[in-house]
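Colleague: kindly return the folded structure for what I paste below:
(chains A, B, C and D)
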Number of protein chains: 4
Amino acid sequence: MTIELAADRYGKSAIRLVKIVRDGARHAVRDLIVDIALEGRFSRAYTDDDNTGVVATDTMKNTVYALAHEHLTSSIERFALALAHHHIQPEQVASARVTIGEHSWSRMPTANGPADDAFLRSGELTRTCRVTAILDRLAVAAGIEDLIVMKTARSAFSGFPRDQWTTLPETDDRIMATKMTVDWVYSPSTAADDTFDYDASFEGIKATLLDSFTTHHSASVQASIWIMAKAVLEQHPAVDEVHMQLPNLHHWLVDLSPFGQTNDREIFVATTQPHGLIEATVRRGD
Amino acid sequence: MTIELAADRYGKSAIRLVKIVRDGARHAVRDLIVDIALEGRFSRAYTDDDNTGVVATDTMKNTVYALAHEHLTSSIERFALALAHHHIQPEQVASARVTIGEHSWSRMPTANGPADDAFLRSGELTRTCRVTAILDRLAVAAGIEDLIVMKTARSAFSGFPRDQWTTLPETDDRIMATKMTVDWVYSPSTAADDTFDYDASFEGIKATLLDSFTTHHSASVQASIWIMAKAVLEQHPAVDEVHMQLPNLHHWLVDLSPFGQTNDREIFVATTQPHGLIEATVRRGD
Amino acid sequence: MTIELAADRYGKSAIRLVKIVRDGARHAVRDLIVDIALEGRFSRAYTDDDNTGVVATDTMKNTVYALAHEHLTSSIERFALALAHHHIQPEQVASARVTIGEHSWSRMPTANGPADDAFLRSGELTRTCRVTAILDRLAVAAGIEDLIVMKTARSAFSGFPRDQWTTLPETDDRIMATKMTVDWVYSPSTAADDTFDYDASFEGIKATLLDSFTTHHSASVQASIWIMAKAVLEQHPAVDEVHMQLPNLHHWLVDLSPFGQTNDREIFVATTQPHGLIEATVRRGD
Amino acid sequence: MTIELAADRYGKSAIRLVKIVRDGARHAVRDLIVDIALEGRFSRAYTDDDNTGVVATDTMKNTVYALAHEHLTSSIERFALALAHHHIQPEQVASARVTIGEHSWSRMPTANGPADDAFLRSGELTRTCRVTAILDRLAVAAGIEDLIVMKTARSAFSGFPRDQWTTLPETDDRIMATKMTVDWVYSPSTAADDTFDYDASFEGIKATLLDSFTTHHSASVQASIWIMAKAVLEQHPAVDEVHMQLPNLHHWLVDLSPFGQTNDREIFVATTQPHGLIEATVRRGD
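Modeller: Presented below is the predicted three-dimensional model:
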């Protein structure tokens, strides 16, 4: 019997970068958190104390700051592509994965209009992307995290199996609240297209998600995922695959009968523990 | 020598309440987290195992849900006033303090305009209030938490004392980033005014804070607090006192010289540990 | 009408310091998080852009590291005293408050006994202290945070008032679980005693708290606070005052009757929202 | 072009369960957090609003509480096996995955010895397990989370490649601090063995990990992973595979030269952002 290294990966995580873009008195803020991870021929670092191929994670961090001036000039996807391209260069590296989250800062609203040099951090969502360079191929995914949304109508859950362990009543009108995590994978031809506009695509996909979330009738969180993911694929040909992970953040109707009150879908207690967790991948078939 | 109870307070914290307000097909969402704390003649519960005066914290929780239908119909301040009034009633209670945080849910933006029954949780800030009923007096404070803002110009820090322990360079142009916690105390006459519009006041004070944050030249976080708090007091006669607590979330310029690059206030590393912490109370004098 | 600065305080928070004490091959780890806050004649920094008295918070941070070699050689209280003494020196400073939290690292248990140079972070509690220098007086407080404890017997809650809003049943046997935050204030003579052993005192008070938590019958969280705080004052003459803050982390019995099971105080759901919150200060009287 | 459901999974997460085991006056506390996730023939719930096969996640939660009396009597692995066995029964379910985390509560130490009915939550680590039932096969993995450890000697990092982006100095003596996440997979024969003692195995593997962490010379985090994982496989024949994920929580030597001090590996600043992140899977070969 032998013991072997079956898989390994390493890198630097949580590299925080803020770039101030100055166009005269009018500034812009980029606020990123970057992770880099490499795979490749690193087994001798594990088994033989041989670090000759091990790019220091501190060096990875340095490149994030050093490449930001030149390469962080448009979308996070373009910056991630530059970082992935950089980190795939050493011959021992087989794949370089760059994950970026961006917090949006909006211009401060004032009596004189949006400010040039003061900003408000928008807390509604985090935009994300993940670029993976494997040898000479590049894969680009993008997504949204921490988007908290609620439907107060057109959400039901009924027709599920009942057995001795089932106590949940059927309902044709419940609150559906969730904190959406969505990732979508761009097609290879899109990833290879140096002119593709990732910012416009992000805004379009976000609008599709919010629109379809709002307008559909939900028979279950599962059905909602299908409807939203399908809408993204139908309306955004650059996307090949959508992954969604939706916790079901239950809102329970409070029993007010001890106080002589009825409670017609009005007063709820919001909970996080436990929560449902529904995830699915929807993609283009042949 | 004796041992005595010098002070005590108890209550229920983190009561989560969601109310769906239904105006036909057009809904609205109220999302609150409520704390209630009482002081009074409770010493026998401590020293004599006598619970005859101890309103159960579970009962406090019940009242939050039971009073929401009738009393949570406008601002959180009005709901807190109703709850404080309720909890000050028992003769053993000397003061009742109700603290509420409200998360804002905005109508979902869609291609057909804002939705009637789908919502997006706004993550930019939490609105807060604190109502304290002491015997027959009511004190009302309100505030903002978790508002993350940044100035990329007109912020300096220089002229501070230098000794053998000082290494910070002077600067006439630094990033000022902070997560604002602000509380303001309404005047007694305002608190006694059943017609005062707390929602309009909140929006007005928030606008004053953002406006003054944006437009002033900051010589220090201390100076910024003074300028913002003074603006609130000058523009909002209903307010008697402003308390601000501002962490200084440092953004350090990255040294790119090892890579042959200059870095003219462009590339920063954002940090949270350690951070400066500046707090002050500004009020009307005689 | 004038506007005035009513109160102000500033400093540096969350300064993380690790010191490795090397006694030959046998090491020890100190792991601190330090906050420093000053009050004094700083009003001109607020109102006149005058920083001439404003010790930079970056300088405060430097002193924590620079004084650690010489002064962090025994208890955190002694280090905090040195830091407070240092920061009270400038004439514009009226008070300097130093707060320290210490995470304990225990020697790694191995087959050959406790290790000399490998450590396990103990997660059971954080030891804290707060030293305040006001002019020439020094006040020393110490405490415990994040100590999570549970009683599975000898805890009751009954005899509380019942009205139309009360649904909680009385119980003579409930789980009492809490996350203790305790602070105690040492007497002035103790704070002035350069030979007082704060480490021994901490261990003794912790033992008193755990012992009294275990052995008493609890009629309420209020009663438990009184019994524990009283035990500290009775057994530790160096302490003048004890403050305790205990959340009541409810464990609700699960209704298993739908599944044909009884549940005799066996199966519970642990919750954090909402929770009771009980706090009191107990001190020596005249 | 068609759109298809490529993968899906759903269940209930963060089900909190506390069980009090009463042996006369001597109690024990079990404190679990349980996740259940199913895969199978659920596509019609997504695409056709057909919930006839969708076991409600609320029902899953009920079973956790309902099965605890009978099946949570020894290790979390045995309870997870019972839950997985239960959830794989419906014909539409192809796999049931049960993940459990257990917080340990130790008997309260008192002057009279360990208490019968008072407990202290041990914060040093969370014990975990994951049981997956796929048709008639059962896979059992177990692990440790949140174990924070430090080596203050015998840790180095040198010999790594240097290029224009490298600034990290080589070192033959650095602090290595990490928060270990380890999972190990038991062999199929072990998983099929109804008499295997998972508690003893957990204690043995934990001892091996701590022992090997302490005694080895580390040339890198990678090398440390290999050494520890190999030790587990060599000493624990029931284990087929070990996965480790170790953040490198950097401790940077503070530059005290501005203050006229040398700093010989004594005073450090502990950081979390950014951190290295090293992960590997080590297994038995043929």
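Colleague: list the contacts for residue A:42?
Modeller: For residue A:42, the contact set (CB atoms under 8 Å, 6 or more residues apart in numbering or on different chains) comprises A:8, A:10, A:53, A:54, A:92, D:222. Using the backbone N, CA and C atoms, a C-beta is placed for each residue, glycine as well.
Colleague: could you redo the last one with a cut-off of 6 Å?
Modeller: residue A:8 (CB atoms under 6 Å, 6 or more residues apart in numbering or on different chains).
Colleague: same question for residue A:34.
Modeller: In this structure, residue A:34 makes contact with A:15, A:64, A:100, judged by CB under 6 Å, 6+ apart.
Colleague: most neighbours of all those, which one?
Modeller: Of all the contacts of residue A:34, the most densely surrounded is residue A:64 (28 neighbours; neighbours counted as other CB atoms under 10 Å in any protein chain shown).
Colleague: what's around residue A:285, how many residues?
Modeller: Other residues near residue A:285 come to 9 when the count uses other CB under 10 Å.
Colleague: hang on, it packs against residue D:2?
Modeller: Yes - Residue A:285 sits in contact with residue D:2 when judged by CB atoms under 6 Å, with a separation of 4.0 Å.
Colleague: spatially, what comes nearest to whichever residue of the stretch 1-150 of chain A sits closest to chain B if we skip its sequence neighbours?
Modeller: The minimum distance from the stretch 1-150 of chain A to chain B, using CB to the nearest CB, falls at residue A:123 (2.5 Å). Distances taken as CB to CB, 6 or more residues apart in numbering or on different chains put residue B:123 closest to residue A:123, at 2.5 Å, once the chain neighbours are dropped.
Colleague: picking up where we left off before, tell me how many other residues crowd the residue of the stretch 1-150 of chain A closest to chain B.
Modeller: Neighbouring residues of residue A:123 were enumerated by other CB under 10 Å; the total is 19.
Colleague: equivalent analysis for residue A:35, please.
Modeller: Using other CB under 10 Å as the criterion, residue A:35 is surrounded by 19 other residues.
Colleague: doesn't it lie inside a helix?
Modeller: No - assessed with DSSP: H, G, I helix; E, B strand; the rest coil, residue A:35 is strand; it does not lie in a helix.
Colleague: contacting residues for it?
Modeller: Residue A:35 is in contact with A:13, A:99, counting by CB under 6 Å, 6+ apart.
Colleague: please tell me how far it sits from chain C.
Modeller: Computed as CB to the nearest CB, to the nearest Å, the residue A:35 to chain C distance reads 22 Å.
Colleague: again, but for residue A:138
Modeller: Computed as CB to the nearest CB, the residue A:138 to chain C distance reads 39 Å.
Colleague: make sure that residue is indeed in a helix.
Modeller: No - looking at residue A:138 with three-state DSSP, it is strand, so not inside a helix.
Colleague: the closest residue in space to residue A:62 that isn't next to it in sequence: what secondary structure?
Modeller: Closest residue in space to residue A:62, ignoring its immediate chain neighbours: residue D:165 at 4.8 Å, by CB to CB, 6+ apart. Taken by three-state DSSP, the conformation at residue D:165 corresponds to coil.
Colleague: ramachandran angles for residue A:280?
Modeller: Main-chain dihedrals, residue A:280, degrees, to the nearest 10: phi -160, psi 160.
Colleague: separation between residue A:142 and residue B:111?
Modeller: Relative to residue B:111, residue A:142 is positioned 21 Å away (criterion: CB to CB, to the nearest Å).
Colleague: swap that for residue A:23, please
Modeller: 31 Å.
Colleague: do you have the strands of chain A handy? List them.
Modeller: Remark: strands assigned in chain A by DSSP state E are A:3-23, A:26-40, A:93-103, A:105-107, A:118-121, A:126-134, A:137-151, A:176-186, A:239-248, A:251-253, A:267-270, A:275-284.
Colleague: what residues does the stretch 1-150 of chain A have near chain B?
Modeller: By the rule CB under 6 Å from any CB of the partner chain, the part of the stretch 1-150 of chain A lying against chain B is A:16, A:18-20, A:27, A:65-66, A:68, A:108, A:110-111, A:115, A:117-121, A:123-124, A:148-150.
Colleague: near chain D, which residues of the stretch 151-286 of chain A?
Modeller: Contact residues (CB under 6 Å from any CB) of the stretch 151-286 of chain A with chain D: A:159-160, A:165-166, A:168, A:219-220, A:222-223, A:226, A:230, A:233, A:273-285.
Colleague: now the buried members of the residues you listed.
Modeller: When those are checked for burial by 16 or more other CB atoms under 10 Å in any protein chain shown, the buried set is A:159-160, A:165-166, A:219-220, A:222-223, A:226, A:230, A:233, A:274-284.
Colleague: what's the burial count for the residue nearest to residue A:170 when sequence neighbours are not counted?
Modeller: With CB to CB, 6+ apart as the criterion, residue A:170 has its nearest non-adjacent residue at 3.7 Å, and that residue is residue A:158. Close neighbours of residue A:158, defined as other CB under 10 Å, add up to 14.
Colleague: wait, isn't residue A:158 in contact with residue A:168?
Modeller: No - counting by CB under 6 Å, residue A:168 is not a contact partner of residue A:158; they are 9.9 Å apart.
Colleague: what residues are bridge-paired with residue A:253?
Modeller: Assessed by DSSP bridges, residue A:253 has beta-bridge partners residue A:268.
Colleague: who touches residue A:126 in this structure?
Modeller: Under the criterion of CB under 6 Å, 6+ apart, the neighbours of residue A:126 are A:101, A:145, A:146.
Colleague: any idea of the pLDDT on the last one?
Modeller: Per-residue confidence (pLDDT) for residue A:146: 93.
Colleague: need the contacts of residue A:34 in CSV (columns: distance to chain C and pLDDT).
Modeller: Written out in CSV, the entries for these read as follows (distance: CB to the nearest CB, whole Å; pLDDT from 0 to 100):
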residue, distance to chain C, pLDDT
A:15, 19, 98
A:64, 23, 98
A:100, 26, 98
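Colleague: nearest to residue C:248 among those?
Modeller: residue A:15 (41.5 Å; CB to CB).
Colleague: that closest one and chain D, how far apart?
Modeller: According to CB to the nearest CB, residue A:15 and chain D sit 4 Å apart.
Colleague: my guess is that residue contacts residue A:64. True?
Modeller: Yes - using CB under 6 Å, residue A:15 makes contact with residue A:64 at a distance of 5.0 Å.
Colleague: relative to residue C:82, which of the strands of chain A is closest?
Modeller: Taking CB to CB as the measure, the strands of chain A were each checked against residue C:82, and strand A:3-23 came out nearest at 32.9 Å.
Colleague: and the angle for the closest one with strand D:275-284?
Modeller: Orientation check (axes from the mean of the first three to the mean of the last three CA atoms, to 10 degrees): strand A:3-23 against strand D:275-284 gives 160 degrees.
Colleague: given strand A:3-23, what are its sheet partners and their directions?
Modeller: strand A:26-40 (antiparallel), strand B:267-270 (antiparallel), strand D:275-284 (antiparallel).
Colleague: format those strands as a markdown table; extra columns: mean pLDDT and distance to residue C:44.
Modeller: Supplementary listing: the strands paired with strand A:3-23 in a markdown table, determined by pLDDT from 0 to 100; distance: least, CB to CB, whole Å:
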| stretch | mean pLDDT | distance to residue C:44 |
| --- | --- | --- |
| strand A:26-40 | 98 | 30 |
| strand B:267-270 | 98 | 30 |
| strand D:275-284 | 98 | 42 |
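Colleague: could you dump those into TSV with distance to residue D:206 added?
Modeller: TSV is the format used below for the strands paired with strand A:3-23 (distance: least, CB to CB, whole Å):
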stretch	distance to residue D:206
strand A:26-40	28
strand B:267-270	37
strand D:275-284	17
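Colleague: do you know which of these lies nearest residue D:86?
Modeller: strand D:275-284 (29.7 Å).
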